[in-house]
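Enquirer: Quick one, fold the following:
(one chain, ligands or ions: 1)
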Amino acid sequence: MDFDLVVIGSGPGGYVTAIRASQLGLKTAIVERAELGGVCLNWGCIPTKALLKSGEVYEELGHLEDYGLKTEGRSFDFAKVVERSRKVSAQLNAGVAFLMKKHKIEVIAGTARLEKGSPAPKVVVKLNDGGSRTVQAKNVILATGARARTIPAVGLEPDGERIWTYREALVPKFAPKTLVVIGSGAIGIEFASFFRALGSEVTVIEALPRILPVEDEEVSAAAQKAFQKRGLKFRVGASVKKLSSSKSGVKVELEAGGKAETLEAEVAIVAVGIAGNVEDLGLEALGAEVEKGHIVVDGHGATGVPGLYAIGDVAGPPWLAHKASHEGVHCVEHIAGFAPTNLTSPIPGCTYSTPQIASIGLTEAQAKEGGRKVKVGRFPFRVNGKAIASGETEGFVKLVFDEATGALIGAHMIGAEVTEMIQGYALAITMEATEAELQATVYPHPTMSEAMHEAALDAYGRVLHI
Ligand code: NAD
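Expert: Model (predicted):
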């Protein structure tokens, strides 16, 4: 037996799982074909946050006079903006390498494929520097993640020049003057926000009737209004039927309300969802079940094939880094025979646009569709002292409580830094807090988090500042 555990994939699912395995005393190896840290650190969550920060600062520079400040014009060096984002990724990538070393996790650089073995499938690695290596472990965890969903029949695939997925959009050679973003999920909205902040003319096309369709309807509506104020354009209920490119730009043929229409732009970003990396792993021969692009697993990540587990994006939605890490820790604690970390904790979702959006639990509509009677509270940042002082009065907090028990079942926020605040409600829901506990909690003044308190008070007719 070479290892107790082999983890395949080193994104936030895989590398966190490997660290926890090492803490639990398992002799662990991790196989990675590309950069340590996976998509999140190198091509997703982290570098986009670096780009968005540059965009935000640039946008703020346009409003300096609101704060009584002055500066001589403003400009940006696009290559440096991108370079900073790559440096941020490189720093964290080195951090993961350090953590692997510190926890004595062997890193095998190559592409893994599974073959029949005992007590778990054998891992055959085609090494990046040539040759191959076969390792047998007691258990294998697949954490191979996901990639941008492409639809070649419609032209929704990168062409290396004018049509980008998140991957090309993270290392652009230029900021397009005109840009079409296809899809208004978190990826589409974040890139639309970034390029708009730097002055691009951006149109976002969304097939469903509203943008950010997974968010609460009131949040979607407020987000669209706030983005439009910044000059973003939207075509909702508009499905892209054909995307094509030439040397100078792209042509988007869409259908909206039964009518055909054509848009042109310098560049298109395709952000129509993601697909799990399930291919070429040898899953079919082992009998592991794959459904809708992800591996079918039980509540502990077990695939049904002895010794084979899957966690994170490759094991299905929600496709979020923190969900992957959480599942990985649970899975490896289960394998090691420890009482595993709770898996039923709700999972927050965040979109780092300006303004930001963050949510957890059920939307009002989902709660009602599920047959629940609800109490709903809201509080706008426009009457919050800290928000006014900071000049960041956009947005609100909306809470959904179960009427029968008073339990908090959903929290939805739009505004400045709400992605830093949603964790308060994540803790509350995980601890099964009710309105009484949220109302009894003392919130520091002056902070934007006071709106979190007021929304709970509002649901029960006790709001103070309206
Ligand atoms: P998504 O599934 O969230 O959104 C894609 C959108 O594209 C949908 O609203 C869909 O209706 C629309 N669409 C699909 N086909 C279309 C067509 N032909 N024409 C017009 N619109 C079309 O996908 P995403 O934004 O690509 O993100 C992928 C995943 O990654 C999501 O699950 C997201 O949660 C996760 N993610 C999260 C963050 C974050 O937390 N900040 C950031 C990036 C990605």
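
Enquirer: Without its sequence neighbours, what residue ends up closest to residue 445?
Expert: residue 385 (7.4 Å; Cβ to Cβ, 6 or more residues apart in numbering). All C-beta atoms are positioned from the backbone trio N, CA, C, and that covers glycine.

Enquirer: err, residue 9, not the other one
Expert: Using Cβ to Cβ, 6+ apart and skipping residues adjacent in sequence, the residue nearest residue 9 is residue 143, 3.8 Å away.

Enquirer: And residue 391, by the same measure?
Expert: Computed as Cβ to Cβ, 6+ apart, the closest residue to residue 391 that is not its neighbour in sequence is residue 66, at 5.5 Å.

Enquirer: for residue 448, helix, strand, or coil?
Expert: State at residue 448, reduced to three classes by DSSP: H, G, I helix; E, B strand; the rest coil: coil.

Enquirer: Count the residues that sit near it.
Expert: By other Cβ atoms under 10 Å, the residues close to residue 448 number 24.

Enquirer: And residue 56, by the same measure?
Expert: Counted with other Cβ under 10 Å, residues neighbouring residue 56 total 18.

Enquirer: Which strands and helices lie in contact with the longest helix along the chain?
Expert: With residue count as the measure and DSSP state H as the assignment, the chain has helix 78-102 as its longest helix. Other helices and strands packing on helix 78-102, by 3 or more Cβ pairs under 8 Å, 6 or more residues apart in numbering; DSSP states H and E, are helix 14-23, helix 38-43, helix 45-61.

Enquirer: ok, so what distance separates the residue of the chain found nearest the ligand from residue 215?
Expert: Among residues of the chain, the one nearest the ligand by Cβ to the nearest ligand atom turns out to be residue 185. It sits 2.2 Å away. In this structure, residue 185 and residue 215 are separated by 10 Å, where distance is defined by Cβ to Cβ, to the nearest Å.

Enquirer: the more surrounded of these two?
Expert: Neighbours of residue 185 and residue 215, each counted by other Cβ under 10 Å, are more numerous for residue 215; the result is 24 against 20.

Enquirer: re the thing from before, ok, now which ones touch the residue nearest to residue 9?
Expert: In this structure, residue 143 makes contact with 7-11, 13-14, 17, 310-312, 314, 324, 328, judged by Cβ atoms under 8 Å, 6 or more residues apart in numbering.

Enquirer: which bits of the protein sit near the ligand?
Expert: By Cβ under 6 Å from any ligand atom, the residues of the chain that approach the ligand are 182-188, 190, 205-208, 213, 239-240, 271-274, 318-320, 349-352.

Enquirer: make it 5 Å
Expert: Taking Cβ under 5 Å from any ligand atom, the part of the chain that reaches the ligand is made up of 183, 185-187, 205, 207-208, 213, 239-240, 271-274, 319, 350.

Enquirer: hang on, the earlier thing: ok but the residue nearest to residue 391 is inside a helix, no?
Expert: Yes - under three-state DSSP, residue 66 sits within a helix.

Enquirer: chain center to stretch 401-410: distance?
Expert: The chain centroid and the centroid of stretch 401-410 are separated by 27 Å, computed with Cα atoms, centre = their mean, to the nearest Å.

Enquirer: Please shift the residue numbers so they start at 4 in all later answers.
Expert: Okay, residue one is now 4; in that scheme the one you just asked about reads as stretch 404-413.

Enquirer: does the nearest residue to residue 301 once chain neighbours are set aside count as helix, strand or coil?
Expert: Once flanking residues are discounted, residue 301 sits nearest to residue 307: 7.6 Å by Cβ to Cβ, 6+ apart. With three-state DSSP as the basis, residue 307 sits in coil.

Enquirer: dump the residue contacts of residue 307.
Expert: Under the criterion of Cβ under 8 Å, 6+ apart, the neighbours of residue 307 are 290, 291, 292, 299, 301.

Enquirer: burial measure for the residue nearest to residue 394, as a count.
Expert: 9.

Enquirer: Please look at it and residue 393 and confirm they touch.
Expert: No - because the distance of 10.6 Å does not satisfy Cβ atoms under 8 Å, residue 69 is recorded as not touching residue 393.

Enquirer: contacting residues around stretch 331-349?
Expert: Contact partners of stretch 331-349, identified using Cβ under 8 Å, 6+ apart, comprise 8, 10, 16-17, 19-20, 23-24, 27-29, 142, 144, 146, 302-304, 312, 314-315, 329-330, 363-364, 429, 432-433.
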